[in-house]
Every structure is written in C-alpha cells, then in structure tokens.
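K.L.:
build me a model:
(one chain, ligands or ions: 1)
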Amino acid sequence: MQYAPRVNETCRMTNNARQFVPISGPPVSRWFGFFSEFRRDSLGFLLRCHAYGDVVKIPMGRIAGLLLRNPDPAMYLLNHPADVRHVLVANQDNYTKAPVPPVESRIFGQGVLHAEGAVHHRQRRLFLPFFHGDHVHSYGELIAQKSAVLADGWQKGITIDIGQEMTQLTLSIIWRLLFGQDSGPEAVDVTQTITTGQHLIKKQYDSLCARLLPLWIPTADHREFSHGHRRMNSMILQLIQDRRAQSQHAHDVLSLLLAATDVDGQPLGDDYIRDELMTFLLAGHETTASALTWTWLLLSRSPTVRARLADELAAVVGDRLPTAADIPRLRYTRMIWDETLRLYPPAWLLHTRVSRSDDTLPSGARLPSGARVFLSPWSLQRDPRWFPDPDRFDPDRFSEDAARQRPAFCYIPFGGGARRCLGESFAEMEGLLIMATVASRVRLSAIDAKPILPEPLMTLRPGIPVQMRVEPACSPERYPTET
Ligand code: HEM
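P.N.:
Here you go, the predicted model:
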C-alpha cells in the first residue's frame, strides 16, 4: 500500500527540494511535559495523538530537559506503518533501546530483552533454533494436557478468576520449558513479585522522580519488590546450581545455557544465566496469560463468534486433545487469537527506541539524533485507517483476504525486525492449543456485564479480576443475535 499523507504533513516538496515543517503534537505542561497526562491515561493519550498526524512530537518538558541536558527533549510517536517498518527493519541499526528504569534493569539484567549489538546477535543465534519449528511443536502435547487437567478440575457452576487461572497455567508451561520440571508452591511468589514489579516499573516510566529514587531507599514499594526479587533470584540460582551438580542434560533452556560459551569460549556464569532465565520467565508467561484472559472475556460477550469456534473445534478436534499438527486447520481459532492481540496487545508499547543519528522517515518527517521513539501496537492497531470501527471485536478482519488488504506493520503485536519476539511461534501454539482444549471442554461466561478497562502495566492486563462462571460446553450456541 502507498504511503498516504495526512493533512498536517511533516514535509513538503517544493522545487524538488524537501522543506521540513514542524511536526505537531498535543499541548503539554511547559515544565512537566506529557508525563502527568500519560500517567493518568496512557492508552487514551496515545489514541488522542492520532489527531496530530503520522509523526507526533510529544514534549517531555523543561525539567526533563535539565536532567537530560537537552533543550528540546521529546518523544516521537509513529502512527504510520511505513515509518514503523523503517525504524524496526529498514534502518534498525540507527536505533537502540533507551535505558530502562532501575527496577526493570534489576529484573532483566543482561538478558536478551535488553542486550544490544554483538552480544544481542549472539544471544539470538543461541535461542532461535530452540524456539522454532519441530522443537516448539514438541511442547504441544504438554500444553494440551496441562490445559485439559486445569479445565477438567473446574466444577461446573463455580466462579473462577480467569486471569489467575491463565497465569498459573502459562507459568507452569514456561517453567517446564526453562527448567524441565513442574513448578511448585514457589509459583505463587513468582506471580506476586511480578505484579509488584510491574506496578513499580510503570511508576518509574511515568514519573522522573520515581525513576530517580534509588532502590535502596526503603519505601513500601521498594521493600516489597526487593524482598520478592531476592527470593526469586535465589530460587533461580539454586535451580542452576542443582543442575550443574547433576551434570546431566535435559532439553530445556537451562541446559542450553549451561552448554553455551561466551565470546572467549568460556562457560556462561551463573548470574548471566539467571538474567536470561528471568527474562524468559517474565516475557514468556504474563504476555500469553493476558492475551488468553482477554480472549475468554471477548468470547463470552460474542456468542456468534463463540458458536463458530465451537463448530470449528467439533470438526477439527472432536473429542480428543488438540495437537500441534491441528493448528493449520484451526483457522477461525487463529483469527480470534489475532483479533484479540489486535484489540489488547500484551506489549501495548514497544521498548522506547533512541536514534543514533538524524534520520528521515518515509513520511518525510525528520527525527533528530537522540530522538526517543514511541512505537505502540495499541495505537497502531486501533487506527481506523487500517481497522475500520476499531473498537469492535471482529475476527473476520483476519481472514486471508482481509489481512492482504492492509499494509505491513499496521499490526505488530510481536514487534518486528531483529528484535521481534523470540517466543512468537511458541506463544501462538500455546495460545491456540489452550483455547482449543479449554473451549472444547467448558463454556466460560463473564459474571459482570460491565466493560472491563485495560490497565497498561508492562503488559496490558484487565484492570480488575475477570470473574467467569464455568458451564458445560456440550450445548453450543446456534448463532444467536448479538446484543
Ligand atoms: C502473546 C504473547 C507474547 C507477546 C504479545 C509478545 C510480544 C513481544 C514483543 C512486542 C517483543 C518485542 C519488544 C520490543 O521490540 O520492544 C517481544 C520480545 C521478546 N519476547 Fe515476546 N511476546 C509474547 C510471548 C513470548 C513468549 C512465550 C516468550 C518466550 C518463551 C517470549 C520471549 C521474548 C523475548 C526473549 C523477547 C526479546 C527479543 C529480543 O529483544 O531479541 N515472548 N515479545
């Protein structure tokens, strides 16, 4: 699709020479920039920025300017897929990830999520074979079995917190992938620490003061996080040491890391291995759990979609457990999954990118060296230019024909380019097999009819626990009228 300029275009062609005009943006506080509005309503703020064009300049204010020693510090939000592709793929070497707040840095350390340059290339080369093809498919049976045990354990008529159930399920799956064993009671500690960490990270992104406050200052937040983080750390280090002592290899990420070497050919140290495991543990279960929680909620409110899903599952899977080999035929299941990731992308904002040098985007906008770039799946995927009536849940948007009409990079739930999600194939297989297994066994109905708003932490979670009633799946709806 051609690039279609908007009214407030950022450059004009005159006599074959480009003349740059200022990029527009929302009015913000002169001293505090956009932070307070963003803190109050990050998701709404990003959508309101659609009104300012394809490249939106969002000033960070004078205080940030003094701290960053930059007279005009700003974020640049990219709203056009061609510009997004440019930053993520075509000119990706010009962009690095911005430094992260202290809590995030403490959690992920030198893991693959934050590493840069040659170190990052090396990490991806190590992990890519593990997360692709047959190896990923070998986890299909485990996923379906765990999902069946979970769903069969719900008594019909009871109410469950579906977010919690999905989190425990995906945590138990990633645990097996990482450590080759089942998780124990420590799983509760992990989810609590992650929730505390997520709130603190969001606070540090939203407020320069919170970001500058050292973690050793014993505020209630800091104490709770540090306590949980210490426990998680020692638990993971213990698992590493136990495996070293056993000197036996399993097909899990821990064994992969223990067998790997650094640039000098030396085995990787425990602290480094811990960083990688922590990265996969966090990146690899909360995201999928959030996506599934939204899926059940959307299905519960869309009887027609749920009935079509039931028909597909009856035709493709029947009474047995689904397998990875069924996935190509679970076409409608995949369309539901894709549409959920469009409406509620777990990674609602990619990691901020910083330009190494001046860059001119395909839209013609000029980004200065050091520009901080916002790429938001949430705002791109709710742009009515690519997704008419964007708030409506409509899996048919992802039929092959409909998807072909849209430009590349208007839909980026897994990011793009050299930093595209490493676990994408795994997450997709996991999401589809959990949907197929659970929906074949039970019907989940939301207790509360009120809208549930998303809460943008590190992942896009439902703002309140989603309570659902478990009903038998045996009487599928027959395409009733939607209300
Ligand atoms: C629905 C589920 C998931 C979504 C929506 C998702 C989304 C993303 C996104 C958007 C990025 C890129 C971030 C950026 O460029 O700033 C990313 C990176 C990453 N994801 Fe996922 N993810 C999911 C599941 C998983 C799973 C299951 C794993 C592991 C098993 C995983 C591991 C990673 C890792 C290691 C990276 C860092 C890649 C790099 O920087 O090279 N993710 N994910």
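
K.L.:
return the backbone torsion pair for Arg366.
P.N.:
phi -110, psi 120 (degrees, to the nearest 10).

K.L.:
count of neighbours near it?
P.N.:
16 (other Cβ atoms under 10 Å). Quick note: C-beta positions are derived from backbone N, CA and C, even for glycine.

K.L.:
tell me how far it lies from Asp358.
P.N.:
Separation of Arg366 from Asp358 (Cβ to Cβ, to the nearest Å) stands at 7 Å.

K.L.:
now Gly117
P.N.:
Computed as Cβ to Cβ, the Gly117 to Asp358 distance reads 21 Å.

K.L.:
and the two? Which one has more around it.
P.N.:
When Gly117 and Asp358 are compared for neighbours, Asp358 comes out ahead with 12 against 9, by other Cβ under 10 Å.

K.L.:
from Pro99, how far out is the more buried one?
P.N.:
Counting by Cβ to Cβ - Asp358 and Pro99 are separated by 21 Å.

K.L.:
then Leu212?
P.N.:
Distance, Leu212 to Pro99, using Cβ to Cβ: 13 Å.

K.L.:
and for Glu339?
P.N.:
Glu339 sits 35 Å away from Pro99 when distances are taken as Cβ to Cβ.

K.L.:
check Glu312 too.
P.N.:
Using Cβ to Cβ, Glu312 is found at 46 Å from Pro99.

K.L.:
what residues does the stretch 351-483 of the chain put near the ligand?
P.N.:
Counting by Cβ under 6 Å from any ligand atom, the stretch 351-483 of the chain comes close to the ligand at 351, 413-415, 419, 421-423, 426-427.

K.L.:
please report which of the residues you listed has the highest neighbour count.
P.N.:
Neighbour counts for those, by other Cβ under 10 Å, peak at Ala427, which reaches 25 neighbours.

K.L.:
who are the packing partners of the helix or strand encompassing that residue?
P.N.:
Ala427 is located in helix 424-441, with elements delineated by DSSP states H and E. The contact analysis (3 or more Cβ pairs under 8 Å, 6 or more residues apart in numbering; DSSP states H and E) places helix 424-441 against helix 133-137, helix 140-153, helix 162-179, helix 286-300, helix 303-316, helix 331-343.

K.L.:
that one: how far from the chain's middle?
P.N.:
Here helix 424-441 is found 17 Å from its chain centre; the criterion is Cα atoms, centre = their mean, to the nearest Å.

K.L.:
quick check: angle from it to helix 286-300?
P.N.:
Regarding helix 424-441 and helix 286-300, their directions subtend 40 degrees when assessed with axes from the mean of the first three to the mean of the last three Cα atoms, to 10 degrees.

K.L.:
burial of Ala402, as a residue count?
P.N.:
By other Cβ under 10 Å, 14 other residues sit near Ala402.

K.L.:
all helices in the stretch 1-150 of the chain, in order from the N-terminus.
P.N.:
Along the stretch 1-150 of the chain, counting by DSSP state H, counting those that start in this stretch, helices occupy 35-40, 42-48, 62-68, 81-85, 102-108, 117-127, 133-137, 140-153.

K.L.:
just name the most buried of these.
P.N.:
Highest mean neighbour count of the helices of the stretch 1-150 of the chain: helix 81-85, a mean of 24 (counted as mean count of other Cβ atoms under 10 Å).

K.L.:
and that one, anywhere near the ligand?
P.N.:
No: counting by Cβ under 6 Å from any ligand atom, the ligand is not contacted by helix 81-85; separation bottoms out at 11.1 Å.

K.L.:
likewise for stretch 285-295?
P.N.:
Yes: applying Cβ under 6 Å from any ligand atom, one finds stretch 285-295 in contact with the ligand at 287-288, 291.

K.L.:
going on from the helix holding Ala427, what's the next piece of helix or strand?
P.N.:
Heading C-terminal from helix 424-441 (DSSP H and E), you reach strand 442-446.
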